[in-house]
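Colleague: structure for this input, please:
(2 chains)
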Amino acid sequence: EDQVTQSPEALRLQEGESSSLNCSYTVSGLRGLFWYRQDPGKGPEFLFTLYSAGEEKEKERLKATLTKKESFLHITAPKPEDSATYLCAVQENYGGATNKLIFGTGTLLAVQP
Amino acid sequence: DTGVSQDPRHKITKRGQNVTFRCDPISEHNRLYWYRQTLGQGPEFLTYFQNEAQLEKSRLLSDRFSAERPKGSFSTLEIQRTEQGDSAMYLCASREVRNGNTIYFGEGSWLTVV
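Modeller: Prediction:
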């Protein structure tokens, strides 16, 4: 059964203090690994899709990387507006049409000024 | 791109009542998903439509839940005889097959059963 585990569950950073969030996954065949940001009371906002080990993508202060077993979301010099829950999800490549996402429980990030 | 639209955003209902949520996907997105999310958890898959055909349903979708997507456009999710355990945020998402693999989510519909 596909599994996605995110760590830490919660992370508190000072503004400017860089860190990384981890997403480890177990899947038969990976079609894609997705990162979303979710603000309280809102739906997930798409950030990145990674497809193969070694791939990296960047957006402003965020950089996502992928290995065969895990993905990291690196946050460089975070600002208070980066505070949110960051969700990781995998999409299995089993040849079916659904391509649904299997989510982890998220990392709640709080950046203090 | 108007995004995925969901209505209502919030619903409070008494136990035993029926509720219906509506989702309007991004225009020309022929794949539509419903997810459920409770506090402190990630979204959990409920069901999937390709155009008007419902191709997959999760075990989470009990007989009290029904989803439709007439004419392959908007979708509705109905919960009959609501229970307190149904309290959650119901998320709709859509995906365009031709132009990438990204699944875009709406803002969600919060359900509170009292």
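Colleague: pLDDT below threshold where in chain A?
Modeller: A:94-97 (pLDDT under 70).
Colleague: which residue ranges of it form strands?
Modeller: With DSSP state E, the ranges of strands along chain A come out as A:3-7, A:10-14, A:19-26, A:30-38, A:45-50, A:56-59, A:62-66, A:70-75, A:84-92, A:101-103, A:107-112.
Colleague: what's the third one in contact with?
Modeller: Spelled out, it's strand A:19-26. For strand A:19-26, the surrounding residues in contact (Cβ atoms under 8 Å, 6 or more residues apart in numbering or on different chains) are A:1-8, A:11, A:13, A:33, A:35, A:69-75, A:78, A:86, A:88, A:90, A:104, A:107, A:109. Just so you know, the C-beta spots here come from the backbone N, C-alpha and C atoms, and that holds for glycine as well.
Colleague: send the alpha carbons of it over as CSV?
Modeller: Output of strand A:19-26 as CSV, limited to C-alpha atoms (Å, rounded to 0.1, in the frame of the first residue of the first chain):
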residue,chain,number,x,y,z
SER,A,19,15.5,24.6,7.0
SER,A,20,14.1,21.6,5.1
LEU,A,21,10.9,19.6,5.3
ASN,A,22,11.0,15.9,4.5
CYS,A,23,8.6,13.6,2.6
SER,A,24,9.4,9.9,2.5
TYR,A,25,7.3,7.7,0.3
THR,A,26,6.6,4.1,-0.6
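Colleague: contacting residues for residue 11?
Modeller: Using chain A. Residues in contact with residue A:11 (Cβ under 8 Å, 6+ apart) are A:19, A:21, A:107-110.
Colleague: looking at chain B here, not the other one
Modeller: Counted by Cβ under 8 Å, 6+ apart, residue B:11 has contacts B:19, B:21, B:109-112.
Colleague: which pair in those residues spans the largest distance?
Modeller: Taking Cβ to Cβ as the measure, those span a maximum distance of 13.1 Å, between B:21 and B:112.
Colleague: comparing these two, which residue is more hemmed in?
Modeller: residue B:21 (23 against 13; other Cβ atoms under 10 Å in any protein chain shown).
Colleague: which of the helices or strands spans that one?
Modeller: According to DSSP states H and E, residue B:21 maps onto strand B:19-24.
Colleague: so what strands line up beside that strand?
Modeller: strand B:5-7 (antiparallel), strand B:75-79 (antiparallel) (DSSP bridges).
Colleague: report the distance from that strand to the chain centre.
Modeller: How far strand B:19-24 lies from its chain's middle: 7 Å, per Cα atoms, centre = their mean, to the nearest Å.
Colleague: same check, this time on stretch B:84-102
Modeller: Distance of stretch B:84-102 from the chain centroid (Cα atoms, centre = their mean) equals 6 Å.
Colleague: model confidence over that stretch, on average?
Modeller: Stretch B:84-102 comes out with an average pLDDT of 87.
Colleague: done for today, thanks.
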